[in-house]
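Engineer: Test case, fold it:
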Amino acid sequence: MILLDSKLKILFVASEVGPFVKSGGLGDVAGSLPKALAALGVDARVVLPKYSTISEAHLADAKFVDSFEVQLDWRNQYAGIFKIDGACPVYLIDNEQYFNRGHLYGHGDDYERFAFFSKAAISMLAAIDFKADIIHFNDWQTGLGCVYLKDIYKKFMFYEDMKSLFTIHNLQYQGTFGRDVLGQVHLNDGYFVNDKLEFFNNISYMKAGLTYSDFISTVSETYAKEIQTPSYSYGMDGMLRSRAHQLAGIINGIDYEEYNPATDKRLFANFSADDMAGKAENKAQLQKMLGLPQRPDVPMFAIISRLAEQKGLDLVASAMGDLMQRDLQIVVLGTGSQQFEHLFYATAHHHPDKLSANITFDINLAQKIYAASDFFLMPSLFEPCGLGQLIAMRYGSVPVARKTGGLADTIIHYDYASGEGYGLLFEDYLHSGIMWAVDEALMLYADDKHFKTARANSMAADFSWEASAKEYVKLYNHIKSL
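Structural biologist: Sure, this is the predicted structure:
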């Protein structure tokens with residue numbers, strides 16, 4: 001264990017935390033980063049809502065700790081605290097009115113649900129007597145927490161020295177609501193001004209976090225630069241440029257114990273960089289399972305993604321005719337826009353020997369696809385960090401991606417001359433760009449020596465959480481000293 005600062009006390013506040021509940025990268029980060037911080041000697045704790053969708057198995061060790069009331073407008077709402085002990089304790093905020101729902105997001109009262117959660121997370125600290133140095137808020141769902149801490153809680157001695165870090169996981173989702181919700185979340189109309197929460201004649205919870213936090217971070221260095229430009233900021237570039245000196249980019253990692261091809265029980269066969277026989281077995285078994293021709297000589301491309309424009313799927317759609325003329329197989333896993341779901345279903349119907357469309361969310365199947373595929377296709381329009389490419393590399397699937405955000409920071413283009421690098425990157429968001437990259441992948445696959453070198457390099461790349469967790473510790477100490 002590398003002990004960097006045993007005195008640091010961090011509360012990590014997130015609307016989703018793996019493995020309890022997750023819909024995307026935030027859940028993965030919230031489930032992994034605090035554990036990595038704890039391994040470095042930090043007193044890191046996590047809090048999330050006690051959703052009804054969390055399985056009983058995950059709550060088996062949860063114990064009731066205490067309860068209190070949270071004031072919203074004229075109402076005092078019940079908040080229960082449940083705790084799961086461990087090296088990194090996990091707390092769950094209970095309120096059935098807000099969290100007994102079939103889905104995490106997309107409800108008409110999300111503005112109130114997550115205002116309640118943010119306020120309850122801060123109030124919980126006094127109830128459990130945990131005097132955090134930094135409260136680490138994440139994405140728009142917890143943005144109001146930065147406001148509550150700075151303008152309400154810091155007036156009390158227990159909270160006066162606490163600082164806040166607000167992390168942007170995806171700036172596209174901004175938590176935008178009408179002006180009228182201010183009173184309902186215990187804030188007055190004075191916050192409806194440009195230098196506070198007002199955003200294009202509405203209020204934005206994302207802007208709340210960006211404006212009221214002591215420091216801002218996002219999940220890659222390149223994305224931290226990109227979001228200060230109009231093309232990537234969704235209207236917030238001016239504000240982010242004004243806080244550029246308080247904005248850091250720290251790349252995400254993945255849990256190397258969870259994502260380990262040598263021990264992963266979800267695979268058809270285990271393998272490692274020293275013994276790749278299981279990789280070929282996974283490919284053969286997945287082809288059989290999905291009804292694809294069992295050909296070891298044909299390169300398999302994986303797309304494991306939310307089916308949305310952000311992920312570059314309109315680029316895939318534009319190239320689909322040309323892709324189906326190549327000697328390759330594509331395995332798709334994900335749900336999202338009906339436009340893209342129908343695209344993959346229709347293509348699979350007309351080209352059953354080349355494309356398998358799995359329009360579902362299936363973690364076990366995802367692991368099988370990572371392990372079986374030769375290439376991982378990720379032509380994102382923008383990508384704050386991306387975890388898919390990191391998992392793919394761990395399982396020996398060479399990434400083929402657009403050079404943007406975290407993809408630019410985690411993938412090194414393969415160089416034939418030196419044998420260095422482990423992926424294929426293209427820059428132009430054009431049909432010609434993605435087809436150039438795919439054709440490069442086909443040429444690489446045909447060159448057995450160089451393909452094996454690129455694959456070995458990808459598996460050797462280290463994107464475990466330890467290095468990134470150290471960077472967060474440095475950032476926490478800097479914020480603490482402000």
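
Engineer: which stretches of this structure have low pLDDT?
Structural biologist: For the chain, the stretches flagged by pLDDT under 70 are 1-6.

Engineer: Which residue is most remote from the mean position of this protein?
Structural biologist: Distance to the chain centre peaks in the chain at Trp74, reaching 35.6 Å (criterion: Cα atoms, centre = their mean).

Engineer: Strands of the stretch 151-300 of the chain, residue ranges please.
Structural biologist: For the stretch 151-300 of the chain, applying DSSP state E, counting those that start in this stretch gives strands covering 163-168, 176-177, 198-199, 202-204, 215-218, 247-249, 300-304.

Engineer: so what strands line up beside the fifth one?
Structural biologist: Taking DSSP bridges as the criterion, strand 215-218 forms sheet pairs with strand 163-168 (parallel), strand 247-249 (parallel).

Engineer: for these, which one sits closest to Thr410?
Structural biologist: The closest of those to Thr410 is strand 247-249. By Cβ to Cβ, the value is 12.1 Å. C-beta here means a position set from N, CA and C on the backbone, and glycine is covered the same way.

Engineer: Does Asn95 touch Asn76 like I think?
Structural biologist: No. The criterion here is Cβ atoms under 8 Å, and Asn95 misses it with Asn76 at 11.8 Å.

Engineer: So for those two, which residue has more residues nearby?
Structural biologist: Asn95 (19 against 11; other Cβ atoms under 10 Å).

Engineer: Which residue, neighbours along the chain excluded, lies closest to Met276?
Structural biologist: In space, and not counting its chain neighbours, Met276 is closest to Gly396: 7.0 Å by Cβ to Cβ, 6 or more residues apart in numbering.

Engineer: Repeat that for Leu240.
Structural biologist: Nearest to Leu240 is Gln228, by Cβ to Cβ, 6+ apart, at 4.9 Å.

Engineer: I'd say Val13 and Ala44 touch.
Structural biologist: No. Contact criterion Cβ under 8 Å: Val13 and Ala44 do not qualify, at 11.8 Å.

Engineer: Could you dump the strands paired with strand 215-218 into JSON lines with distance to Leu144 and mean neighbour count added?
Structural biologist: Output for the strands paired with strand 215-218, formatted as JSON lines (distance: least, Cβ to Cβ, whole Å; neighbours: other Cβ atoms under 10 Å):
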{"stretch": "strand 163-168", "distance to Leu144": "11", "mean neighbour count": "26"}
{"stretch": "strand 247-249", "distance to Leu144": "20", "mean neighbour count": "20"}
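
Engineer: In TSV, list those along with distance to Ile84.
Structural biologist: What follows is the strands paired with strand 215-218, written out as TSV (distance: least, Cβ to Cβ, whole Å):
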stretch	distance to Ile84
strand 163-168	23
strand 247-249	30
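
Engineer: Only the buried residues of the lengthiest helix in the chain, if you could.
Structural biologist: Looking across the chain with DSSP state H, the single longest helix is helix 110-128. For helix 110-128, the neighbour count (16 or more other Cβ atoms under 10 Å) marks 110-125, 128 as buried.

Engineer: residue closest to the middle of this structure?
Structural biologist: Nearest to the chain centroid, counting by Cα atoms, centre = their mean: Gly25, 1.7 Å.
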